[in-house]
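Asker: My questions are about this predicted structure, shown below with the sequence.
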Amino acid sequence: MTMILYQNDSKIRSFSLKLSFARARFRSMTAFIVLLIVPVLNGFPIPRTRTTFTAESTVKYLPVRSSGCGYQPRQYGKLYGTLSSSDRSVSSLDDGATATNEATNVNVTEIEEEIQQEQEAVSQQIEQEKEELQAAVKEVKDAVVEVSQSAKNLGGAVISNGPGIFAKFFKLWVSEEMRNDVVRRRKWYISDWTDGFKKKQLVIPAVLFLYFACLAPAVSFGTISSEITNGSIGVAEYLMSSGIAGMLYATFAGQPMAFLAPTGLTLAFISGLFRFCSLRDLPFFPVYSWVGIWSSFFMIILGLSGSSKFIRFCTRFTDEVFNGLLSVNFIYEAVSSLRRNFVRSDPMNLTMPFVALSMALGTFVSTMKVTKIEATKYFNTQVRTAIRNFGPVSIILFFSLLNLLPWFQKFHVPTLVVPDSFQLTGGRNFLVGLKDIPVNIRLLCALPSLLLTCLFFMDQNISVRLVNSPDNKLKKGEAYNVDMVALGGINAILSIFGLPWMCGATVQSMNHVRAMAETHWNEETNKIEIDSVTETRVTGFAIHMMLASTVLLLPVIKQIPIPVVSGVFLFLGRKLMTGNTFFKRITDAFAETKRLPDDHPIRLLGRKKMNAFTGVQVLCLLGLFGFKQIPSITIFFPAMILFLMGIRGFVLPKFFSEEELVALGDPTPT
């Protein structure tokens, strides 16, 4: 509005200026005619002298612009003497000019009045617009004050009622099971850290031994993965992924005694996915990342919805077969590594393979002995505890140093194959290009992710459930759903960076529990029994921090002999069999009945019935192991775990009564 008024005022001023110039020119022309042309025509010369004003003198005026907007007359012209009678024509002309000037003055006056009226109208309009603008500004200021006050009130309400609002949202979208897990573990979170620093005599040896126990699978699976994925994912990726995932899990998981690690089942799925991408001519890493992201999304949804409660339908039958598969897989990998030494060596010179076999068996037997020294009569309690805690690490260091001796190096025992410095395989970028595949392929990646989610769901919950077993005497409670959400978030991060997925590691988790347990020898049962377990996050975080930092110590790690790693694999596989009643029933099938306890299934059900149940488990174990060895269908392996649950839930009840299943230690869940 201000611009419009300014433009109108400019136009009025321009018009007034033009009018003043026209008026001045008219009067100048009139004076010129009277003073110059008329005297010449009558024969009178133009006087050169100026006279004074008299009453009878003729006066001419021209407009002169004043300091204001209008114009004022200015005296102009020369005063001449009295004209003769012969000059009356000049006077008449002068009178005509005067009349013309008067008419012009009238017209100019009218125009000036119109301009003045227009200026007054414009001024009134400006004043009116100014008043309206001031009123609008006042309204805006009042509105701003009201909004500020409302925002202040809303902020105060959010601050005062924020916890309640968050609680309502949390209650709306999060299941009761998940909320209970959070409440149950929240009060123990601080003590999960402080308890670790109170039991340094347990923490330090546990960290040292479990570091090698976690390092061996990462290096082994990384080496195998590098071969089956044509170098896409190698040792460096497995070390970094294991370290990062372990530290995050130790910090955010509900049950810190459980460990994440690469597993043979996850490696089998990655192998199948890589083969599928190769056949379909699809880029591996974008597909790999989207499958992992979808699976992470599903796991978070499962955790928030409290779906872990359904793991109760996965009974002891399934647990024992699944753990048996893990044990057999560790032993199989160790035996395969030792077998390759014989296959690749000169048949006429098998010295190196036998030396490697001796180192592996020496590591395995020595580690088994030192971990069971508490059950012996040698030394006192403190010495036996120290040997049990530091013995496994000392054995690994002993054989590694032995292989460095000059006289021993002539056997050329193979060592770990790792890069000299940290770099991603193939020199690829750290972040995966998620947009490198079309949108429809990204959406279709949700289909294989469902299979991967089933694998993670079963593996994670079974591993954590074994950790939470009453036999381990843990006191802080479980949090299955929090563990599932934490695993989903961790694998989402790993997927974005193209790092291998991690999952619940039963072997490492159980060894973690045993390493942090305080035990005693029961003379009545002749068994080692657990008194208590130090439940802490310190060990898991420290172990995996060391594992992640291993990428900076690759030249040192290269000095560890592969047969020593194979010996650790044999120990872990054999250790996982401890407490598995499935394997115990296999050996008891050949035992004399009267030497068995009174509550043994053979005494309650008879040998035939017990062997039938055990035989079904053996067939399931062989089926799973054989299925995993077929590369073209390993991607569907998670479905086989559901198949186990189906056999237990729908097939076995037709051949075994509920009383018989209870006697076998596998009651039907309600």
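Answerer: Happy to help now that I have it.

Asker: Quick check: closest non-adjacent residue to Thr351.
Answerer: What sits nearest to Thr351 in space, not counting adjacent residues and going by Cβ to Cβ, 6 or more residues apart in numbering, is Phe411, at 6.1 Å. For glycine as for every other residue, the C-beta is placed from the backbone atoms N, C-alpha and C.

Asker: Does the one you found touch Met352 like I think?
Answerer: Yes: counting by Cβ atoms under 8 Å, Met352 is a contact partner of Phe411 at 5.3 Å.

Asker: Neighbour count for those two, which is higher?
Answerer: Between Phe411 and Met352, counting by other Cβ atoms under 10 Å, Met352 is the more crowded of the two (19 against 14).

Asker: so where does that one fall, helix or strand?
Answerer: Under the criterion of DSSP states H and E, Met352 resides in helix 351-371.

Asker: which other residues reach that helix?
Answerer: 334, 338, 341-342, 345, 387-388, 391-392, 395-396, 399, 402-403, 411-414, 561-564, 566-568, 570-571, 574-575 (Cβ atoms under 8 Å, 6 or more residues apart in numbering).

Asker: Go again with 6 Å.
Answerer: 338, 341-342, 345, 387-388, 391-392, 395, 399, 411-413, 563-564, 566-567, 570-571 (Cβ atoms under 6 Å, 6 or more residues apart in numbering).

Asker: what secondary structure does the closest residue in space to Gly579 that isn't next to it in sequence sit in?
Answerer: Once flanking residues are discounted, Gly579 sits nearest to Asp471: 7.1 Å by Cβ to Cβ, 6+ apart. Under DSSP: H, G, I helix; E, B strand; the rest coil, the three-state class of Asp471 is helix.

Asker: Only whichever of the contacts of helix 351-371 are buried, select them in PyMOL.
Answerer: Entered in PyMOL, the line below selects the buried ones among the contacts of helix 351-371, by 16 or more other Cβ atoms under 10 Å:
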select buried, resi 338+341+345+387+388+391+392+395+399+413+563+564+566+567+570+571
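
Asker: Among the contacts of helix 351-371, which lie within helices?
Answerer: Those of the contacts of helix 351-371 mapping onto helices are 338, 341-342, 387-388, 391-392, 395, 399, 563-564, 566-567, 570-571, per DSSP state H.

Asker: of these, the lowest pLDDT goes to which?
Answerer: Between the ones in helices among the contacts of helix 351-371, the one the model trusts least by pLDDT is Arg388, at 77.

Asker: show me the contacts for that residue.
Answerer: Arg388 neighbours (Cβ under 6 Å, 6+ apart): Thr371, Ile373, Glu374.

Asker: can you give me the offset of the helix holding Met352 from its chain's centre?
Answerer: Taking the mean of its C-alpha atoms, helix 351-371 sits 43 Å from the chain's own mean (Cα atoms, centre = their mean, to the nearest Å).

Asker: Tell me the buried residues in that helix?
Answerer: Neighbour-count burial for helix 351-371, counted by 16+ other Cβ under 10 Å, picks out 352-353, 355-357, 359-360, 362-364, 366-367, 370-371.

Asker: Just send these back as CSV, with distance to Val418 and pLDDT too.
Answerer: Shown next, in CSV, are those (distance: Cβ to Cβ, whole Å; pLDDT from 0 to 100):
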residue, distance to Val418, pLDDT
Met352, 20, 91
Pro353, 22, 91
Val355, 22, 92
Ala356, 18, 92
Leu357, 23, 93
Met359, 19, 93
Ala360, 19, 92
Gly362, 23, 93
Thr363, 19, 92
Phe364, 23, 92
Ser366, 25, 92
Thr367, 23, 89
Val370, 27, 87
Thr371, 28, 82
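
Asker: just these now: which is nearest Val291?
Answerer: Ala360 (35.9 Å; Cβ to Cβ).

Asker: Could you give the number of residues near the nearest residue to Gln508 once chain neighbours are set aside?
Answerer: For Gln508, ignoring the flanking residues on the chain, the nearest one in space by Cβ to Cβ, 6+ apart is Phe259 at 4.2 Å. When neighbours are defined as other Cβ under 10 Å, Phe259 has 31 of them.

Asker: Show the pLDDT at Phe259.
Answerer: Reported pLDDT for Phe259: 92.

Asker: Surely it and Met510 touch.
Answerer: No: using Cβ atoms under 6 Å, Phe259 is not in contact with Met510, being 9.3 Å away.

Asker: where along this structure do the strands fall?
Answerer: Along the chain, counting by DSSP state E, strands occupy 60-65, 71-76, 260-261, 503-504, 517-522, 527-533.

Asker: quick one: Ser220 from Phe569, how far?
Answerer: 7 Å (Cβ to Cβ, to the nearest Å).

Asker: same check, this time on Leu466
Answerer: For Leu466, the distance to Phe569 - Cβ to Cβ - is 19 Å.

Asker: Which of the buried residues of helix 351-371 sits closest to Ser657?
Answerer: Thr371 (39.9 Å).

Asker: Give me the distance between the spatially most central residue of the chain and Ile562.
Answerer: The centre of the chain sits closest to Ile493, judged by Cα atoms, centre = their mean, with a distance of 5.0 Å. Ile493 sits 31 Å away from Ile562, going by Cβ to Cβ.
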